[in-house]
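>>> turn this into a model:
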Amino acid sequence: MNKKRMIENFIEMIKIHSPSNNEGIYAEYLINLLKELGGEIYLDNGYKNYGGNAPVIFAKFKGNSSEKGITLAAHMDVIEPSSNINPIIENNIIKTDGTTTLGGDDKAGIASIIEVLRTIKENKLNHRDIFVLLTPCEEAGMLGAKNIDWTSVPAAMKPAINMLVIDNAGKAGLIAHTAPSKYGISFTFTGKKAHAGIEPEKGINAICIAAHAISNMKIGRIDEFTTSNIGSIKSDFPTNVVSDCCVFTAELRGHSEEKIIEMLNNYEEACKNASLLFGGKYTIEKSHDYPALKPKDDLKFAKEFAKIYEEIGIHPELKIIGGGSDSNILAKEGFNSIIIGVGMYDVHTVNEYLVTDDLFKTTEAILKYIIK
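Below is the predicted model of the structure:
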């Protein structure tokens with residue numbers, strides 16, 4: 001493995017602008033690179049369903065080992081602002097000048113994958129079958145993964161069930177194996193307009209209905225594995241009009257579908273009671289944004305990879321996390337994913353930075369697992 005080369009490749013990649021829905025140029029760069037490394041390529045054009053411009057990239061590198069194949073997955077899009085990145089390298093840290101994100105999420109993961117493939121090729125190492133899956137639009141609701149047409153993927157190109165998703169913030173050794181399901185919710189309250197100064201008693205204030213409902217909802221940390229949050233409240237009326245419409249949006253995340261459904265029912269009860277109290281009406285729209293991620297093998301794969309970390313002197317930590325990723329979407333297709341850390345911190349902010357030693361250690365662990 002060549003740490004200097006991997007860092008240079010990472011710097012080259014973060015300078016290619018690839019925000020969600022506009023990863024096309026970066027995708028072409030990666031397709032050409034994977035072909036040069038000997039990969040067999042298949043492209044899924046699900047982006048046509050949501051207005052993007054980059055395919056999901058499938059690549060296969062046929063192995064010569066009897067060990068089960070492995071899938072290496074990462075996403076191509078980055079969080080804005082991400083154009084004209086000015087990377088600054090200080091010892092073991094790569095950061096920006098503070099005007100943009102770095103793009104370590106998730107180009108650090110892709111740099112790791114590329115270095116593994118380069119090392120295997122140049123040293124002609126024996127290895128298990130390697131599948132690479134690179135998705136667009138992960139940061140915009142996992143649209144790339146959601147729109148894969150699995151019925152059209154050639155049988156020989158279908159990725160291995162065990163999947164390393166190289167997209168976890170934090171140090172090398174972090175192994176996330178469980179993540180929550182997420183529901184998005186939109187609440188609409190309808191009241192009755194009236195002149196607020198002359199005859200307010202003839203009106204029904206939709207904002208008041210919404211406020212009463214919210215005051216009877218448990219928001220934030222509900223229990224160890226369930227959270228909720230309100231993201232927006234909108235009712236755009238002049239102050240001399242009793243508002244007849246108020247909308248607020250929220251989310252619920254949890255590892256138990258039963259608990260999520262219980263909370264949804266509680267929220268609806270709060271809306272019903274508030275509407276009856278004020279004499280208004282309400283509607284609720286729900287979307288199941290992604291299912292829960294859970295290990296399909298009683299943590300066997302996660303523990304196998306933890307042992308690899310231990311063998312190279314890294315303390316592993318198996319984790320349950322509260323965020324979602326492509327892993328959640330891919331889980332319903334039968335994939336058994338773990339999400340591993342590559343040393344990226346303060347992601348989604350202009351303070352984002354990458355610890356290169358952690359990136360190198362995780363890459364070393366991936367390589368060791370593949371050639372073992």
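
>>> surely Ile16 and Ile25 touch.
Yes: counting by CB atoms under 8 Å, Ile16 does reach Ile25; the two are 6.1 Å apart. To be clear about C-beta, it is placed using only N, CA and C from the backbone, and glycine gets the same treatment.

>>> those two - which one has more neighbours?
Ile16 (19 against 12; other CB atoms under 10 Å).

>>> how near is the nearest residue to that one once chain neighbours are set aside to Lys35?
Distances taken as CB to CB, 6 or more residues apart in numbering put Tyr26 closest to Ile16, at 4.6 Å, once the chain neighbours are dropped. For Tyr26, the distance to Lys35 equals 15 Å [CB to CB, to the nearest Å].

>>> tell me which of the two has more neighbours.
Ranked by neighbour count (other CB under 10 Å), Tyr26 and Lys35 place Tyr26 first, with 24 against 12.

>>> that one and His75 touch, don't they?
No: using CB under 8 Å, Tyr26 is not in contact with His75; the gap is 10.8 Å.

>>> how about the helices in the stretch 1-150 of the chain?
If DSSP state H, counting those that start in this stretch is used as the criterion, the helices of the stretch 1-150 of the chain fall at 3-14, 24-36, 104-123, 143-146.

>>> nearest to Lys62, of those?
Among the helices of the stretch 1-150 of the chain, the nearest to Lys62 by CB to CB is helix 104-123 (11.6 Å).

>>> helices or strands up against the closest one?
helix 3-14, helix 24-36, strand 70-75, strand 130-135, strand 162-168, strand 344-345, strand 353-355, helix 356-371 (3 or more CB pairs under 8 Å, 6 or more residues apart in numbering; DSSP states H and E).

>>> in CSV, list the C-alpha atoms belonging to the last one.
As requested, the backbone C-alpha atoms of helix 356-371 are provided in CSV (Å, rounded to 0.1, in the frame of the first residue of the first chain):
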residue,chain,number,x,y,z
THR,A,356,-5.0,10.3,7.2
ASP,A,357,-3.6,7.7,9.6
ASP,A,358,-7.1,6.5,10.3
LEU,A,359,-7.8,6.4,6.5
PHE,A,360,-4.6,4.3,6.0
LYS,A,361,-5.4,1.9,8.9
THR,A,362,-8.9,1.2,7.6
THR,A,363,-7.6,0.7,4.1
GLU,A,364,-5.0,-1.7,5.5
ALA,A,365,-7.7,-3.7,7.3
ILE,A,366,-9.8,-3.9,4.1
LEU,A,367,-6.9,-5.1,2.1
LYS,A,368,-6.0,-7.7,4.7
TYR,A,369,-9.6,-9.0,4.8
ILE,A,370,-9.8,-9.3,1.0
ILE,A,371,-6.5,-11.2,0.5
